[in-house]
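Asker: got a predicted structure plus its sequence, pasted below:
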Amino acid sequence: MPHATKSEIRPEAEYDVIIVGAGPAGCMANVCLTTYGFKVLHIDNRPTTTEAGRADGLQPRTLEEEGKASLAKRMINQGVRVQEVSFWDPSPTAQLARTSRAPSCPDFIDVCDPYTLLLHQGLIERSFLDEIEARRAHLPADKASPAPHGGVFRPYEFETCSTDESQAYPVSASFVHADTKEKFTARAKYLLGVDGARSLVRRAISGGQPGDGEWQGKIRMLGDASDIIWGVMDVEVKTNFPDIMSKCLIHSKSDGSIMVIPREAGLVRLYVQLQAEAGPDGKQKHYGRDASEDICKSRARKIFEPFKLEFGKTAWFSVYQIGQRIASNYTLDERVFLGGDATHTHSPKAGQGMNISMLDMYSLAWKINMVEKGVADRSTLLPTYEQERKSIAEELLKFDKAYSSLFSGRSPKSDQLTADATKAKALGAVDPELFIETFKKNAFFTSGCGAIYFANPLNALPDSELVKNYSKKGVFNPEGSKLIAGQRLLPGKVTRAIDANLVRIQQEVKMNGAFRIHVLAGEYGKSKAQIAALDKFIDSPSSFVNLYRPKSGVQSAIVYNSHDTRHIEPERGQREPNYNPFFDFLYIFATPHTEWDIEDLPYNARIYRDNIYSDDVYDRRVGKDAKAALHTKWGISTEQGGIVVVRPDGYVGAQVPLNQDGFEALNAYFGGFMSGSQKASL
Ligand SMILES: Cc1cc2nc3c(=O)[nH]c(=O)nc-3n(C[C@H](O)[C@H](O)[C@H](O)COP(=O)(O)OP(=O)(O)OC[C@H]3O[C@@H](n4cnc5c(N)ncnc54)[C@H](O)[C@@H]3O)c2cc1C
């Protein structure tokens, strides 16, 4: 698709989805929706991507899903990996000493990229836009409306929107070109308000008047802000501080705290507590929001003492106030959705905002896809967006509040904690051990892997309505299972049978909007009958594969949607492969692939020949005695096998045995939110 300048192209009148805001959340929404084949209008009021500063930390769980969207590689090449965190505090013998070290992502967290990746928000946004541009080239003609590079119209300012369900395109939005002041109106089926903390989309749907800086309408921003002000800067520094290339959390004796983050291009990010001299009551005082860069630098030098800190070029400087706020609703009508900073804000030091914002949209996009392609029930699926993502944001805010107050607290004088701990704490002192413990304890959550969903139709947990009321007990979540519905799939390596390549099972199916059905087939000889029964079930008209089929020709995505191989199936011409684009099957045998042949498998398994594996790769987390590491890790018997359903966003949805009871249970699971075909509106 040729690049076009912003002045040449004008938005059209109708789109499937309008996205307002091209920060991390908006970019993620666009890449997903474009991948699913939607016609998207994306606007942002800035003339370019973020040029400096703002978010810079990508957590392991985000990288895991970006890997599936083919986005992670470029970012990993450009960024800096934080493997370790150092804690610096006053000690009995030194003004400042390294008191502890901890891995950035502790070893008990089972991830492929066990680090925080640091690079600035602009580089992340640009990676997204280039990927969107590449994918737009695959859009069918009726969806590929002209747009500037990456599909983002700039600088376009959103003004307002309204919804009218009687229209084919229920949402109407108006916006204005920020330079020419030319006005536009466009209609769409959905509008995603990812326009940041001061969201105008939120105000448009919420109503109400500007009050204390938040909009007190139907949607309220719940929470509060503290009076603690921090400065943040991306700078070049020279120093004799030994850990400048590590992430460091430094509590000085009485001058406040600092966080050091190594960055790309020779920069360092410093988060500096802007603490002024204590008042007569002994309590901390802080500079206001008007604190200058010079004040920030002088506070940083003071906190670093006795180490020297010399400043070079400043790439970015800002101040912020610590607070935690969450929107009471993420949508009012399941047409206009909010996400990212428009729904939750908190302090940036835990490196979470960009991650949770992107994953909000990652979670919403596949749900819209299924509804619009006519295979899912709108009234069941779309409410799960707010339900799932709001509960994650609530957890984050709780963590952030505790973490921020520990960070902003004053380090106690060396004798205070033992001599008069209660008084010291009342004056704002922080126990360094408690701080380090809080950091370590929350590493699972901050890595993104601890973001857990509760029971709902998508997560067949024991307390879900589906499992509680299911007539056959013990079919869902079979005994011994180590995966948990509503939690991410544990990663593992397997051997791909067609080419004997060692691959990561969780990356084998890229982001394509489909559910992944992992058939853990146990030992080859022992599961033949069950695999044959599954083959028969897949062919039966009442199986979920056939019940929840989109209209002929409708795909779940415009890329990663093909199972074509160079292999000529013997059945060619007599029997069409029974693919449903919303389900991808993966078959994993506990027996090495050298001991069996794909050709001997039933037809419905063979047609997924690129996704047939043997579970014969060593996994140190399982131990060398386990013969089939993935079966063992997931808690599935190699005698009986099992089936693990993974949602399009990488979360486990359901687990059942590899037998007729299990197949019927899958019908019940998918029947809980999918719908008969032919309702596609695309
Ligand atoms: C100093 C700082 C450091 C941070 N560090 C981290 C970190 O290390 N890790 C992390 O995960 N998060 C961090 N964050 C938080 C992170 O920046 C945000 O959480 C993240 O950018 C949210 O993404 P978003 O897309 O929801 O919103 P934003 O990034 O705010 O994007 C919103 C977009 O909408 C546009 N927009 C706004 N209004 C309109 C309108 N009316 N019309 C059209 N467009 C509009 C804006 O121009 C912007 O491009 C940090 C934030 C700050 C301020």
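Answerer: Ah, there it is. Numbers count the residues shown, from 1 in each chain.

Asker: wait, isn't Asp255 in contact with Ser298?
Answerer: No: using C-beta atoms under 8 Å, Asp255 makes no contact with Ser298, being 10.2 Å away. In this view, the C-beta of every residue, glycine as well, is placed from N, C-alpha and C.

Asker: which residues are in contact with the closest residue in space to Tyr608 that isn't next to it in sequence?
Answerer: Among residues not flanking Tyr608 along the chain, Phe585 sits closest, at 4.9 Å (C-beta to C-beta, 6 or more residues apart in numbering). When contacts are counted by C-beta atoms under 8 Å, 6 or more residues apart in numbering, Phe585 touches 516-517, 519, 604-605, 608, 611.

Asker: so what's Phe585 bridging to?
Answerer: Taking DSSP bridges as the rule, Phe585 bridges to Ile517.

Asker: if I look at it, how far off is the ligand?
Answerer: Distance check for Phe585 against the ligand: by C-beta to the nearest ligand atom, to the nearest Å, it reads 35 Å.

Asker: Leu630 now?
Answerer: Counting by C-beta to the nearest ligand atom - Leu630 and the ligand are separated by 31 Å.

Asker: equivalent analysis for Phe128, please.
Answerer: 11 Å.

Asker: that residue reaches Met28, doesn't it?
Answerer: Yes: Phe128 is within contact range of Met28, at 7.0 Å (criterion: C-beta under 8 Å).

Asker: the nearest residue to Arg54 once chain neighbours are set aside: what's it in contact with?
Answerer: Distances taken as C-beta to C-beta, 6+ apart put Gln121 closest to Arg54, at 4.3 Å, once the chain neighbours are dropped. For Gln121, the contact set (C-beta under 8 Å, 6+ apart) comprises 23-24, 50, 53-56, 354.

Asker: sorry, back to before: within reach of the ligand, which of the contacts of Phe585 are there?
Answerer: For the ligand, no contacts are drawn from the contacts of Phe585 by C-beta under 6 Å from any ligand atom.

Asker: secondary structure for those - can I get that in CSV?
Answerer: Shown next, in CSV, are these (DSSP: H, G, I helix; E, B strand; the rest coil):
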residue, secondary structure
Arg516, strand
Ile517, strand
Val519, strand
Asn604, helix
Ala605, helix
Tyr608, coil
Asn611, helix
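
Asker: thinking again about what came up before, who has more neighbours, Phe128 and Met28?
Answerer: Between Phe128 and Met28, counted using other C-beta atoms under 10 Å, the more crowded position is Met28 (31 against 28).

Asker: chain center to the strand or helix carrying Leu123, what's the gap?
Answerer: Assessed by DSSP states H and E, Leu123 sits inside helix 121-136. Here helix 121-136 shows a centroid-to-chain-centroid distance of 16 Å under the convention C-alpha atoms, centre = their mean, to the nearest Å.

Asker: what lies in contact with the helix or strand following that helix?
Answerer: Counting by DSSP H and E, the element after helix 121-136 in chain order, helix or strand, is strand 152-153. Strand 152-153 is contacted from outside by 6, 9, 11, 22, 26, 30, 41-44, 129, 147, using C-beta under 8 Å, 6+ apart.

Asker: before we move on, the earlier item: and Asp255 and Ser298? which has more neighbours close in?
Answerer: Asp255 (19 against 12).

Asker: pLDDT score assigned to that one?
Answerer: At Asp255, the model reports a pLDDT of 88.

Asker: check contacts around it.
Answerer: By C-beta under 8 Å, 6+ apart, the neighbours of Asp255 are 275, 299, 302-303, 305.

Asker: are any of those buried, and which?
Answerer: Among the contacts of Asp255, the ones that count as buried by 16 or more other C-beta atoms under 10 Å are 275, 299, 302-303.

Asker: tell me which of those residues is nearest to the ligand?
Answerer: Arg299 (16.1 Å; C-beta to the nearest ligand atom).

Asker: for whichever helix or strand Gly223 is part of, packing partners?
Answerer: Per DSSP H and E, Gly223 falls inside strand 221-239. Here strand 221-239 is seen to pack against strand 268-273, strand 285-286, helix 293-304, strand 309-327, helix 383-408 when contacts are counted using 3 or more C-beta pairs under 8 Å, 6 or more residues apart in numbering; DSSP states H and E.

Asker: list the buried residues for that strand?
Answerer: So for strand 221-239, counting by 16+ other C-beta under 10 Å, buried means 221, 223, 228-235, 237, 239.

Asker: one step back: look up how far the ligand lies from the residue nearest to Arg54.
Answerer: Using C-beta to the nearest ligand atom, Gln121 is found at 6 Å from the ligand.

Asker: swap in Thr565?
Answerer: From Thr565 over to the ligand (counting by C-beta to the nearest ligand atom), the distance is 39 Å.

Asker: use 9 as the first number for this chain going forward.
Answerer: Done: numbering now begins at 9, and the last item shifts to Thr573.

Asker: test my guess that that residue contacts Asn619.
Answerer: No: at 10.6 Å, Thr573 does not count as touching Asn619 under the criterion of C-beta under 8 Å.

Asker: which of those two has more neighbours?
Answerer: Comparing Thr573 with Asn619 by other C-beta under 10 Å, the one with more neighbours is Asn619, at 23 against 12.

Asker: tell me the contacts of the more buried one?
Answerer: Going by C-beta under 8 Å, 6+ apart, the list of residues near Asn619 reads 516-517, 592-595.

Asker: pLDDT value on it, please?
Answerer: At Asn619, the pLDDT recorded in the model is 97.

Asker: could you measure from it over to Ser535?
Answerer: 17 Å (C-beta to C-beta, to the nearest Å).

Asker: nearest residue to whatever residue of the stretch 109-258 of the chain ends up closest to the ligand other than its sequence neighbours?
Answerer: The stretch 109-258 of the chain approaches the ligand most closely through Gly204 (2.9 Å), counting by C-beta to the nearest ligand atom. By the measure of C-beta to C-beta, 6+ apart, the closest residue to Gly204 outside its immediate chain neighbours is Asp349, 4.7 Å from it.

Asker: same question, Glu190
Answerer: Glu190 sits nearest to Val184 (C-beta to C-beta, 6+ apart), 6.8 Å away.

Asker: any idea how far that neighbour is from Thr168?
Answerer: From Val184 to Thr168 the distance is 11 Å (C-beta to C-beta).

Asker: before we move on, back to that, now whichever helix or strand comes after the strand holding Gly231 against strand 276-281, angle please.
Answerer: Helices and strands here follow DSSP H and E; after strand 229-247, the next one along the chain is strand 255-259. If you take axes from the mean of the first three to the mean of the last three C-alpha atoms, to 10 degrees, strand 255-259 sits at 20 degrees to strand 276-281.
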